[in-house]
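1. Turn this into a structure:
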Amino acid sequence: MLINKLIDIHKSFIQFICEICSMPLSNIQWIKNEKFISTNQHFIIKSKSIIINNEECLMTILTIHVN
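-> Have a look, this model is predicted:
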């Protein structure tokens, strides 16, 4: 999925949430400018297993600190 839209940069952070249900359970990776994003001072990635419609799914939240 590509995200191309304007974002209000006056906020202190922005969050993107991705949920995927698959068998076997897939891995979610975030990419910016063709490079994998990893947790650092500007990006925080948190993942957890969730149940949606009796299926095991993965939810990953990417938080981008703007300031």
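2. C-alpha from now on. contacts and neighbour counts both.
-> Noted.
3. any weak-confidence spans in the protein?
-> 1-10, 67 (pLDDT under 70).
4. any chance you could map the strands in the protein?
-> Assigned by DSSP state E, the chain shows strands spanning 13-21, 31-32, 35-36, 43-52, 55-65.
5. Please determine how far the residue of the chain most remote from its centre is located from Cys21.
-> In the chain, Asn54 marks the outermost C-alpha relative to the chain mean, sitting 22.2 Å out by CA atoms, centre = their mean. Shown here: Asn54 relative to Cys21, a distance of 10 Å by CA to CA, to the nearest Å.
6. How about Ile50?
-> 9 Å.
7. the more surrounded of the two?
-> For Ile50 versus Cys21, the count of surrounding residues by other CA atoms under 10 Å is larger for Cys21: 17 against 14.
8. what's near enough to touch that one?
-> Applying CA atoms under 8 Å, 6 or more residues apart in numbering to Cys21 gives the contacts 52, 55-58.
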